[in-house]
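Participant: A structural model of the following input is requested.
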Amino acid sequence: MSRSFPPPPIIPFERLQASDGLLITAERWQRSHHYHRQRQNVHYQSLNQPGIVCGLGVRPIEAPTEVSAAYRDKFWLRVQPGIAIDLSGNLIVVPKPIAFRIATELKSSDPVTVYLVVRYRDPDELRDQKPNEFVQETFRIDEKSSPPDGSDVELCRILLQIDKKEITTPKDVFFPGFGDLDLRYRRQAQARPQGLLRIAQINHADSSCSQNFFSLSYFVQAIEALYPALRSVETIDTIDWSNDLHAYDLLYLTGQESITLNAREFKKLETYLRSGGTVLIDAATEATALIESVQELAQKLKMPLKSLDQNRRDHPLRTRPFLFAALPQTNKQRIQLLSHDGLILSIGNLASIWGLDEALELSRTTIRTAQELGVNILHYAWKRRHLTELQKDDR
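Facilitator: Numbers count the residues shown, from 1 in each chain. Prediction:
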């Protein structure tokens, strides 16, 4: 799952106020330099997201000759020189190749994913640091059994299996197997997106409620290329009405059958919408029961749905960030989009053309146009929640 990149803490800076006769002590000198480091880190955090700047390649190697025989196995890796920046804006510099042994031991037949990470080490916080006039900022390379946290920059991951006695270079870098180096999840340092959304699919009493789950995944992968200012976490959660709806910016629901909510579920949905959340109901043209139940629900919520041509010409669903005159088609029928505040009804099964169809017949233009409309929906959901949050009490 993609990690969110929170903004820097809202804490004012303090800098040394120089004056004639001021005694420069070691503490004052340190605080003065800390001020500049802090400003640099906050500047990076404000405009960028962490990741690898260059280098830091990883490859299997033979065990170094200087290690004892007990550790001369085929689990040795070499991390190449390179630069990375962590979540706090600290620069990590690996100046020369580093040999590292994966030490995880499997005790069952269940595969285990190991993460190789690098993290910044402040020399002022190291134990047994010898006093020197100059100290070198350093780093630490670790293997972990859990996904990287905010201080880690991932170098690679490996899916270990008990009967695979070595780490190998994958035959296909896009589809590594057991024991292969997997570099697909390395994050590159790049500009920070304006918004990072969390999306969830709502499961309900309808066997077809998850029919578009894989299309949603394809869509999430396309967002960064289509509109870099907006991102979605890579994992789409599946929830029901009992979960915390407020953890998500957009709720996606599809199927054939009508939606039936009890009083408690209705209240949760109403609160979610009033607090800035967005719900996208994606119905096929023939899903009459679902469409009618959504329209009834909208009336009960006092949010009567309007089609785009009944809304303002500059409505954000039609204009931001992509401009639409006519909406895309699916099965030779035009998608219909009805909305009121955070409640959106798409008629035509929009998500079905966000990904690869089984027959591989959808054109690139059809898929891209549908995805661009999806980006407009996500942008609307993000902007609506953002503007709503800005007007709330900060207590």
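Participant: ok, which stretches of the stretch 1-150 of the chain are helices?
Facilitator: For the stretch 1-150 of the chain, the helices defined by DSSP state H, counting those that start in this stretch cover 26-47.
Participant: where in the stretch 251-395 of the chain is pLDDT low?
Facilitator: Residue ranges of the stretch 251-395 of the chain with pLDDT under 70: 394-395.
Participant: in the stretch 101-250 of the chain, what spans have low per-residue confidence?
Facilitator: 127-130.
Participant: and with 80 instead?
Facilitator: 124-135 (pLDDT under 80).
Participant: ok, which stretches of it are strands?
Facilitator: Taking DSSP state E, counting those that start in this stretch, the strands of the stretch 101-250 of the chain run over residues 112-121, 138-144, 153-160, 181-182, 190-191, 195-197, 199-202, 230-232, 237-239, 250-255.
Participant: So which elements touch the fifth one?
Facilitator: Contact partners of strand 190-191 among helices and strands, from 3 or more C-beta pairs under 8 Å, 6 or more residues apart in numbering; DSSP states H and E: strand 48-49. Heads up, the C-betas are built off the backbone N, CA and C, glycines and all.
Participant: Same check on the third one?
Facilitator: Using 3+ C-beta pairs under 8 Å, 6+ apart as the contact criterion, the neighbours of strand 153-160 among helices and strands are strand 51-55, strand 112-121, strand 181-182.
Participant: can you tell which of the strands of the stretch 101-250 of the chain is closest to residue 7?
Facilitator: strand 195-197 (11.1 Å; C-beta to C-beta).
Participant: what pairs with the closest one, and is each one parallel or antiparallel?
Facilitator: strand 230-232 (parallel) (DSSP bridges).
Participant: Contacts made by the strand it pairs with with the rest, please.
Facilitator: 2, 193-199, 220, 223-224, 375, 378-379, 382 (C-beta atoms under 8 Å, 6 or more residues apart in numbering).
Participant: and the two most separated of those?
Facilitator: 2 and 379 (17.9 Å).
Participant: the more surrounded of these two?
Facilitator: residue 379 (22 against 14; other C-beta atoms under 10 Å).
Participant: Residue 44 versus the more buried one, what's the distance?
Facilitator: 26 Å (C-beta to C-beta, to the nearest Å).
Participant: Same check on residue 234?
Facilitator: 23 Å.
Participant: quick revisit: nearest to residue 306, out of the strands of the stretch 101-250 of the chain?
Facilitator: Short answer: strand 250-255, nearest of these by C-beta to C-beta, at 19.4 Å.
Participant: ok so, going back, switch the strands of the stretch 101-250 of the chain over to TSV; also include distance to residue 325 and mean neighbour count.
Facilitator: Listed next are those as TSV, based on distance: least, C-beta to C-beta, whole Å; neighbours: other C-beta atoms under 10 Å:
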stretch	distance to residue 325	mean neighbour count
strand 112-121	47	19
strand 138-144	51	16
strand 153-160	43	22
strand 181-182	44	21
strand 190-191	31	12
strand 195-197	26	19
strand 199-202	27	22
strand 230-232	22	22
strand 237-239	34	15
strand 250-255	25	24
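Participant: circling back to that earlier point, closest to residue 365 among the contacts of strand 230-232?
Facilitator: residue 375 (15.5 Å).
Participant: who touches that closest one in this structure?
Facilitator: Counted by C-beta under 8 Å, 6+ apart, residue 375 has contacts 223, 226-227, 230, 321-322.
Participant: Residue 331 too?
Facilitator: Residue 331 makes contact with 285, 348, according to C-beta under 8 Å, 6+ apart.
Participant: ditto for the one 3 residues further on
Facilitator: When contacts are counted by C-beta under 8 Å, 6+ apart, residue 334 is found next to 326-328, 348.
Participant: ok, and the most crowded of the residues you listed?
Facilitator: Most surrounded of those: other C-beta under 10 Å gives residue 348, at 23 neighbours.
Participant: Nearest spatial neighbour of that one, chain-adjacent residues omitted?
Facilitator: Nearest residue to residue 348, sequence neighbours excluded (C-beta to C-beta, 6 or more residues apart in numbering): residue 335, at 4.0 Å.
Participant: just residue 158 next, same as before
Facilitator: Per C-beta to C-beta, 6+ apart, closest to residue 158 is residue 114, 5.0 Å.
Participant: Residue 389 too?
Facilitator: residue 276 (6.2 Å).
Participant: give me the number of residues near residue 107?
Facilitator: Around residue 107 there are 8 residues (other C-beta under 10 Å).
Participant: Make CSV from the contacts of residue 334 and add secondary structure and distance to residue 239 to it.
Facilitator: CSV is the format used below for the contacts of residue 334 (DSSP: H, G, I helix; E, B strand; the rest coil; distance: C-beta to C-beta, whole Å):
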residue, secondary structure, distance to residue 239
326, coil, 34
327, coil, 28
328, coil, 28
348, coil, 24
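Participant: between the residues you listed, which is closest to residue 77?
Facilitator: residue 328 (46.7 Å).
Participant: Tell me the secondary structure at the closest residue to that closest one other than its chain neighbours.
Facilitator: If the residues on either side of it in the chain are set aside, residue 328 comes closest to residue 369, at 4.3 Å by C-beta to C-beta, 6+ apart. For residue 369, the assignment made with DSSP: H, G, I helix; E, B strand; the rest coil gives helix.
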